[in-house]
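Trainee: Test case, fold it:
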Amino acid sequence: MGLEDLEDVIMNCQGDEEYGELLMFKDQEQVHFDNPFRAYLEGASVVINHVDKEWEPLNKLCQRLSEVFPHVFTNMYLTPGNSQAVHPHSDDRDVLLLQLWGGKHWKVYGSPIPFPYTDEQVGKRGQRLSDAEMGPLQLDCLVSAGDVLYMPRGAVHEARASERGSLHLTMAIPSQDFTWAGLLLDLVRKRLRDPPNQRWRRAVPLGL
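Mentor: Numbers count the residues shown, from 1 in each chain. Predicted structure coming up:
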């Protein structure tokens, strides 16, 4: 992704979520700017969720990866120098981080909830984690342009851009969507829809 590609992607995403969701963060809080380029110059990180909807090479890469995994999508993070977009948190998916430009200092901690579902992610919606909640530091590294870092589902992590700044992609594999528990629930739902099991369609008694 060159500078012209980056500019086109950001401009297409402004005010049109069909091309991806455009968000901005400063001092680890979500903020609003009318212009994302101005936001970046004033120290805010620019995040585009589902950027693969906009940039064709990423869309093709996600399609190729979907031949191996059930589903893959990509988010983009453009972060000014010496800044951190969001505070430590965990995700409900496995992620491959692709560093395109600049660098980021990553810290990866434990997993307070192993293999979390969406409602079990920690450090989201303004929640600040204590040191005890984050767990022991597992990895402390600098990721530079051309590097790839794997982030396991549930691992608490945080990242700060190098002095130059950073542009990286997250190739998200939403593994919480295809768990053994999910497979079993789907099988049970299917069986309960069979004609011999129509009694399970009835409403439960009032007060139960």
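Trainee: For the host helix or strand of residue 9, name the packing helices and strands.
Mentor: Following DSSP states H and E, one finds residue 9 within helix 3-13. Using 3 or more C-beta pairs under 8 Å, 6 or more residues apart in numbering; DSSP states H and E as the contact test, the elements touching helix 3-13 are strand 21-26, strand 45-49, strand 73-79. In this view, the C-beta of every residue, glycine as well, is placed from N, C-alpha and C.
Trainee: how about TSV for those, with distance to residue 152 added?
Mentor: Formatted as TSV, the helices and strands packed on helix 3-13 follow (distance: least, C-beta to C-beta, whole Å):
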stretch	distance to residue 152
strand 21-26	23
strand 45-49	20
strand 73-79	17
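Trainee: Just send those back as JSON lines, with mean pLDDT, distance to residue 6 and mean neighbour count too.
Mentor: Below are the helices and strands packed on helix 3-13 laid out as JSON lines (pLDDT from 0 to 100; distance: least, C-beta to C-beta, whole Å; neighbours: other C-beta atoms under 10 Å):
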{"stretch": "strand 21-26", "mean pLDDT": "89", "distance to residue 6": "13", "mean neighbour count": "19"}
{"stretch": "strand 45-49", "mean pLDDT": "92", "distance to residue 6": "9", "mean neighbour count": "23"}
{"stretch": "strand 73-79", "mean pLDDT": "94", "distance to residue 6": "7", "mean neighbour count": "24"}
